[in-house]
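> need a structure here:
(2 chains)
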Amino acid sequence: GQQVMQIPQYQHVQEGEDFTTYCNSSTTLSNIQWYKQRPGGHPVFLIQLVKSGEVKKQKRLTFQFGEAKKNSSLHITATQTTDVGTYFCAGRRSYNTDKLIFGTGTRLQVFP
Amino acid sequence: DAGVIQSPRHEVTEMGQEVTLRCKPISGHDYLFWYRQTMMQGLELLVYFNNKAVMDDSGMPKDRFSAKMPNASFSTLKIQPSEPRDSAVYFCASSQDRTSGGRETQYFGPGTRLLVL
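Down below sits the predicted model:
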């Protein structure tokens, strides 16, 4: 079963509001990646975090990797309708595997 | 680059029939992954290859699923016999070899939407 959980499962926001999704793993991860999947589309890579406590920004998106490397978050400032989609985190349990465990995903809906 | 190519894009079949999904990874990528996505189970890894060799197929039901990669530019995922519970979107993804300095970004294909009646 899923061992990387994301909350919330769904989020509806008004355009301009902020949005945050949280990713929690039951085990330590060697890295964390974030993907975005538009409705009817396929997952598209956004970013990768590797270091404990790492923070990266992409325009209105801010990504964090927890100090214990078991959790991560994605924060979107001032959402736009183009942010609609499902956001997945994914991580590797160790450096010796190439297998990514995907989170359960958070579906974001933005109302204009 | 054309990206990861999958065919067919849609497949409707009857229970008991054989289904073959095809994937062409990005040229130069050593890794190829097959995922299944459903509302209930989310995105699950079925099997992945490195340089055409199966590295992990623990997520794949062995009794009816089989995956092959006969060459570096082609892979198949076969379901025989298919069952209604196999209805899902099947994604193929490819990536470079991170251990030799490549990026470990996974590039997904558009997916095959399978419906088994």
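
> Give me the spatial nearest neighbour of the most centrally placed residue in chain B, chain neighbours excluded.
The structure's chain B has its C-alpha centroid closest to residue B:34; by C-alpha atoms, centre = their mean the separation is 2.8 Å. The shortest distance from residue B:34 to any non-neighbouring residue, by C-beta to C-beta, 6 or more residues apart in numbering or on different chains, is to residue B:46 (4.5 Å). C-beta here means a position set from N, CA and C on the backbone, and glycine is covered the same way.

> mind listing what the helix or strand in which the one you found is found pairs with, with the direction of each?
Residue B:46 belongs to strand B:42-50 when assigned by DSSP states H and E. Next to strand B:42-50 in the sheet, as set by DSSP bridges, lie strand B:31-38 (antiparallel), strand B:53-56 (antiparallel).

> so can I have CSV of those showing mean pLDDT?
Listed next are those as CSV, based on pLDDT from 0 to 100:
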stretch, mean pLDDT
strand B:31-38, 96
strand B:53-56, 94
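
> most neighbours per residue, which of those strands?
Highest mean neighbour count among the strands paired with strand B:42-50 (mean count of other C-beta atoms under 10 Å in any protein chain shown): strand B:31-38, with a mean of 22.

> Centre of the chain to it, how far?
5 Å (C-alpha atoms, centre = their mean, to the nearest Å).

> thinking again about what came up before, of all the strands paired with strand B:42-50, which lies closest to residue B:5?
Nearest to residue B:5, of all those, is strand B:31-38, at 12.0 Å by C-beta to C-beta.

> CA atoms only: put that closest one into CSV for me.
This file holds the C-alpha atoms of strand B:31-38, laid out as CSV (Å, rounded to 0.1, in the frame of the first residue of the first chain):
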residue,chain,number,x,y,z
TYR,B,31,15.9,3.6,-17.5
LEU,B,32,12.3,2.7,-18.5
PHE,B,33,9.4,2.5,-16.0
TRP,B,34,5.9,1.2,-16.4
TYR,B,35,3.3,2.7,-14.1
ARG,B,36,-0.4,2.1,-13.6
GLN,B,37,-2.7,4.9,-12.4
THR,B,38,-6.2,4.3,-10.9
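
> Check what contacts that strand and list those residues.
Outside of strand B:31-38, the residues within contact range by C-beta atoms under 8 Å, 6 or more residues apart in numbering or on different chains are A:98, A:100, A:102, B:23, B:25, B:43-50, B:60, B:67, B:69, B:75, B:77, B:87-97, B:106, B:108, B:111.

> Can you pull the poorly scored residue ranges out of the chain?
No chain specified, so I'll use chain A. A:1-2 (pLDDT under 70).

> if you could check chain B rather than the one you did, that'd help
B:1, B:99-102.

> Kindly report the residues of it close to chain A.
B:31, B:33, B:35, B:41-45, B:48, B:50, B:55-56, B:91, B:93, B:95, B:98, B:104-111 (C-beta under 8 Å from any C-beta of the partner chain).

> Appreciated, that's everything.
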